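Engineer: What shape does this take:
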Amino acid sequence: MKIAFSSAICLGTTLLAIAPAHASSSAWFEAEGGRFRLVTSGAPDASGKLQGVLDIELKRGWKTYWRDPGNSGVPPQIDVSASRNVSGAEFSYPAPQRHDDGYSKWAGYDHPVRLPVSFTIPAPGEPATIAANVFLGVCETICVPVQARLQVDPGADPDNPGDAIVVKAATAALPASAQPDFGATLEAGEGEHVLIVATAPGAPEAIDVFVAGIDGYVFGTPERHVEAGKAVFTVKVLERPDTKPSGQGLPYTLTSAAGAVEGFLPYP
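Structural biologist: Presented below is the predicted three-dimensional model:
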């Protein structure tokens, strides 16, 4: 994916998309390659988690990116620091597809997609207002960075049935949790490469794996080969931190003809 972040492209892409008063979903933000909005549903749970969705409608021929697009592209970003009684927001991702546009290989979506968002409400019993700065890359032949402020009052209409359907459908579309018979393991490779061994139903040629470079790691595109009837992926470690992190590990999504699962791989 050839990316052009010229000042001409960036001009005019940062606008305010303000929801109507007392709305638990934002107004649609219209961009060159489509439109997007923020939807919430229900009330925060006892731990202060409120469920929502970034609803992205792409025009035909346009694309957007997964959490780790590869060596080019812009992952979705959300900043809620301007909000009231909202301390954080975290995306979840449906299974992406592998794309090759002749310039590079990347992971993302070439169709409308809904990204679930979990908001943290520190005081669940108090009013909250979401003022989310959302940044996306949307692409046709070049990548256009788009930024918008989306505002939502999640307590205004928490039982809205349309919003509930959107949030429920987006959550249901997420990959299932990896299992021993449908998941991936990490093994040492040669030099700066690691091996990801995939176990999944169906033909190994139909299996793909997507690994998110986080905590200082950057990875090349996984290259699949088949060994003893299993899909094995060779992945080059392009960058790594000086010391091994102490987090959960590297998020991955594994896709096959039987569907998709997600889990974590140990840090190499």
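Engineer: Could you use CA atoms for every contact and neighbour count after this?
Structural biologist: Noted.
Engineer: Pull the residues that contact the helix or strand where V194 lies.
Structural biologist: Per DSSP states H and E, V194 falls inside strand 193-199. Applying Cα atoms under 8 Å, 6 or more residues apart in numbering, the contact partners of strand 193-199 are 180-189, 207, 209, 230-237, 254, 268.
Engineer: After it, which helix or strand is next?
Structural biologist: Note on strand 193-199: by DSSP H and E, the next helix or strand toward the C-terminus is strand 208-211.
Engineer: Give me the average confidence score over that next one.
Structural biologist: For strand 208-211, mean pLDDT is 97.
Engineer: who touches that strand?
Structural biologist: By Cα under 8 Å, 6+ apart, the list of residues contacting strand 208-211 from outside reads 68, 107, 198, 219, 222, 224, 233, 250-256.
Engineer: mind checking how far the next helix or strand after that strand is from the chain centre?
Structural biologist: Counting by DSSP H and E, the next helix or strand C-terminal to strand 208-211 is strand 218-219. Strand 218-219 sits 17 Å away from the centroid of its parent chain (Cα atoms, centre = their mean, to the nearest Å).
Engineer: who does strand 218-219 pair up with?
Structural biologist: Using DSSP bridges, the strands paired with strand 218-219 are strand 230-239 (antiparallel).
Engineer: I'd like to check the angle between the partner strand and strand 193-199, please.
Structural biologist: 150 degrees (axes from the mean of the first three to the mean of the last three Cα atoms, to 10 degrees).
Engineer: can you list the residues that contact strand 230-239?
Structural biologist: Counting by Cα under 8 Å, 6+ apart, 189, 192-199, 204-205, 207, 209, 216-226 sit against strand 230-239.
Engineer: just to revisit the earlier point, run me through the strand neighbours of the strand holding V194, direction for each.
Structural biologist: Strand 193-199 sits in its sheet next to strand 183-188 (antiparallel), strand 230-239 (antiparallel), going by DSSP bridges.
Engineer: Out of these, which is closest to A95?
Structural biologist: A95 lies closest, by Cα to Cα, to one member of the strands paired with strand 193-199: strand 183-188, at 13.7 Å.
Engineer: Check which residues of the closest one are buried.
Structural biologist: By 16 or more other Cα atoms under 10 Å, the buried positions in strand 183-188 come out as G183, A184, L186.
Engineer: and what of stretch 188-201?
Structural biologist: Judged by neighbour count using 16+ other Cα under 10 Å, the buried positions of stretch 188-201 are H193, V194, L195, I196, V197, A198, T199, A200, P201.
Engineer: what's the closest of these to A132?
Structural biologist: Of all these, I196 has the smallest distance to A132: 36.1 Å, by Cα to Cα.
Engineer: so D163 sits in a strand?
Structural biologist: No - the assignment for D163 by DSSP: H, G, I helix; E, B strand; the rest coil gives helix, which leaves it out of any strand.
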